[in-house]
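In: model this:
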Amino acid sequence: MSTIQSGGYDGMQYEPVEQRTSVMAILSLVFGLLCLPVMGVLGVIFGIAALFSISASRGRLGGKGVAVAGLVISVLVTVIWVAVAVGGAQVYSMFNKALVAPATATMQAIEAGQPDQARNNLSPSAALKITDADFAAFREAYQAELGAYTGTPQGIIELATSFGKVGPLMQKYQQNNGDIVPLPANFEKGMGLMVFQIDKAASKQGGATAAFINVIVVAPSQNSFTLYDPANRAPAQPSDPLKSPEPPDAAPAEPPTPPTPPSPPTGPG
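Out: Numbers count the residues shown, from 1 in each chain. Here you go, the predicted structure:
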């Protein structure tokens, strides 16, 4: 786009000048309209550069309105994306602190054979009823198919990508009462799904981190392994907190002592 302009001073006319629209002004508007974070920054840069170039061109460059529009739109887009990024980072930080970190710590303790450490993130009732034998059986069960647990995806991008990979495994857990949290997990033989059942009562009491009632590991084959499954529990051991202690053997009762017969009366001598 170009126009012919002429100027003059003290009655003298300049030669006609062909004015063209600044390419940087056009790029600023285009980058701003793309509504992408990086493009918004480029739109701001090109918009500012276009305004300086138009001002210094002595009429040879036009498009000041286009440059202003591109600059304004690019600034708005950039501000919005910055706000989204900051908000997303805060949400992920809260999610990581409340769920991902305790879930990772629980699985690491189970993998290391440290049931006492694993109980730190369980609700009080679950910590009492889940035995050391339950932890060991759970670890052996998922390791037989998936191998050892190696970690939970970290970071927003890695976590989002991993959720996409385990999407089919999450279908049967989509409808719940808000007490089920699925998380992707890495194992030696591939990626699986961890499902944590949360104690909602403990959460309502203002707990900073989630307290878990149960843990399930789902393999890509759809086989699932449950930490506390009463139907598949091993027989209770003497140290099992669920097993009521047997009362001590009662001592045999002694036979009652027969009453002493009264002494016969003494007659006169």
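
In: so residue 194 is in which element?
Out: Using DSSP states H and E, residue 194 sits in strand 190-198.

In: buried set for that strand?
Out: 191-198 (16 or more other CB atoms under 10 Å). From N, CA and C alone the C-beta is placed, and that goes for glycine too.

In: between those residues, which is closest to residue 94?
Out: Ranked by distance to residue 94 (CB to CB), the buried residues of strand 190-198 are led by residue 198 at 14.9 Å.

In: where does pLDDT dip in the chain?
Out: Residues of the chain meeting the criterion pLDDT under 70: 1-18, 175-176, 202-209, 231-269.

In: would you map out the domains in it?
Out: The chain breaks down by automatic domain parsing into domains covering 17-86, 112-229.

In: residues in contact with the strand holding residue 194?
Out: With contacts defined as CB atoms under 8 Å, 6 or more residues apart in numbering, strand 190-198 is touched by 99, 103, 106-107, 142, 146, 152, 162, 165-166, 169-170, 173, 179-185, 210-220.

In: in its sheet, what does it sit against?
Out: Within its sheet, strand 190-198 is paired with strand 180-187 (antiparallel), strand 212-218 (antiparallel), according to DSSP bridges.

In: flag every buried residue along the first one.
Out: Meaning strand 180-187. 180-187.

In: could these be laid out in CSV, adding distance to residue 125?
Out: Output for those, formatted as CSV (distance: CB to CB, whole Å):
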residue, distance to residue 125
180, 17
181, 18
182, 22
183, 22
184, 28
185, 25
186, 30
187, 29
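
In: tell me the one among the residues you listed nearest to residue 71.
Out: For the buried residues of strand 180-187, the nearest to residue 71 is residue 184 (42.1 Å; CB to CB).

In: quickly list what that closest one is bridged to.
Out: Applying DSSP bridges, one finds that residue 184 bridges with residue 193.

In: was I right to think it contacts residue 167?
Out: No: Residue 184 is beyond contact range of residue 167, at 9.6 Å (criterion: CB atoms under 8 Å).
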